[in-house]
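Any chance you could fold what I've pasted below:
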Amino acid sequence: MALDPKTDDWTIYQGRTFKRIVRWETTPTVFKPITNITRAAPTVVECIGHGLKSGWYMAITDVVGMTEINAPANSPRAGDYKQVTVIDVDNFSVNDLSSAQFSAYTSGGYVRYNTPKSLDGAVARLHIRNRVKGTLLLELTSTAGDIVLSDSDHMVVITITDDVTKLMTYTKGLYDLEIEDGAGDTYVLLTGSVAVVPEITVEV
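Predicted coordinates:
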């Protein structure tokens, strides 16, 4: 089944392009055994056939030696998941994480991430409103091209162009992102608040 919606509060700067990349995830959790971790900045993890894509998030547990890299709980919280950049099918780097001063890796450990859900035949819709069931301020859809669905990368890319943000005269709102899958079932993927920061420097 699909996971519960995630909360992601947005700050949009008027006159600038806004972009969010979201991965649609489901259960079960995928576990891949780690074979080595290099002390480096950024950290490089060897995990044979990891199955990750650049931009995905994963957590690390059960490592012996370099215990500093383990998620604090064996059931990681949202903040324990780190974004990765894939090097090849067996190696990836952990974005924004330096392990240069960590203890040496000894053995064991798992990379864990949620199963990607297929976007084949899916449709995405996003509304920004001034309040729940209130005035519609902005509508984005995959059919209009504002939201791009990549089934190969299992990613949802939301883009609000600068031409659109410069016309945002409101300062706050609420949004949710709905996905209707190929079978016609609808899920809420993201919810949150929207804060719009007025533009100071205006092109003349």
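
Lowest-scoring secondary structure element of this protein by mean pLDDT?
Within the chain, no helix or strand scores below strand 6-7, which has a mean of 90 by mean pLDDT, DSSP states H and E.

Arg125: which element?
Element membership for Arg125 (DSSP states H and E) is strand 123-129.

Show me which strand runs longest in the protein.
When the chain is parsed with DSSP state E, its longest strand is strand 186-197.

Give me the residues contacting that one.
The contact list for strand 186-197 (C-beta atoms under 8 Å, 6 or more residues apart in numbering) reads 2, 5-14, 20, 22, 24, 128, 156, 165, 168, 170-181. Any C-beta I mention is one placed from the backbone N, CA and C, and that applies to glycine too.

sorry, back to before: and the next helix or strand after the least confident helix or strand of the chain, what other elements does it pack with?
Once the chain leaves strand 6-7, the next helix or strand it forms, by DSSP H and E, is strand 10-13. Helices and strands touching strand 10-13, by 3 or more C-beta pairs under 8 Å, 6 or more residues apart in numbering; DSSP states H and E, are strand 18-23, strand 186-197.

Give me the distance from the shortest one to the chain's centre.
It refers to strand 18-23. What separates the centre of strand 18-23 from the centre of its chain is 7 Å, taken as C-alpha atoms, centre = their mean, to the nearest Å.

Parallel or antiparallel, which strands does that strand pair with?
In the sheet, strand 18-23 lines up against strand 155-160 (antiparallel) (DSSP bridges).

Mind listing what's buried along the helix or strand just after the strand it pairs with?
Next in sequence after strand 155-160, counting helices and strands by DSSP H and E, comes helix 162-165. If you call a residue buried by 16 or more other C-beta atoms under 10 Å, then helix 162-165 has these buried ones: 164-165.

And this structure, what are its domain boundaries?
According to automatic domain parsing, the chain comprises the domains 6-24+118-197, 26-116.

quick revisit: weakest of the helices and strands packed on strand 10-13 in terms of mean pLDDT?
Across the helices and strands packed on strand 10-13, the stretch with the lowest average pLDDT is strand 18-23; it has a mean of 92.

Give me the residues contacting that strand.
Contact with strand 18-23 is made by 8, 10, 12, 55-57, 116, 154-160, 165, 177, 189-190, as judged by C-beta under 8 Å, 6+ apart.

Pull out the buried members of the contacts of strand 186-197.
With neighbours counted by 16+ other C-beta under 10 Å, the contacts of strand 186-197 contain buried members at 2, 10, 12-14, 22, 24, 128, 156, 165, 168, 173-179, 181.

Below-threshold pLDDT in the protein: ranges please.
Applying pLDDT under 70 to the chain flags residues 1-2, 202-204.

Grab the most central residue of it for me.
Among the residues of the chain, the one closest to the centroid is Val22, at 4.1 Å (C-alpha atoms, centre = their mean).

In three-state terms, label the nearest residue to Gly109 once chain neighbours are set aside for me.
In this structure, Gly109 finds its nearest non-sequential neighbour in Val63, 3.3 Å apart by C-beta to C-beta, 6 or more residues apart in numbering. What DSSP: H, G, I helix; E, B strand; the rest coil gives for Val63 is strand.
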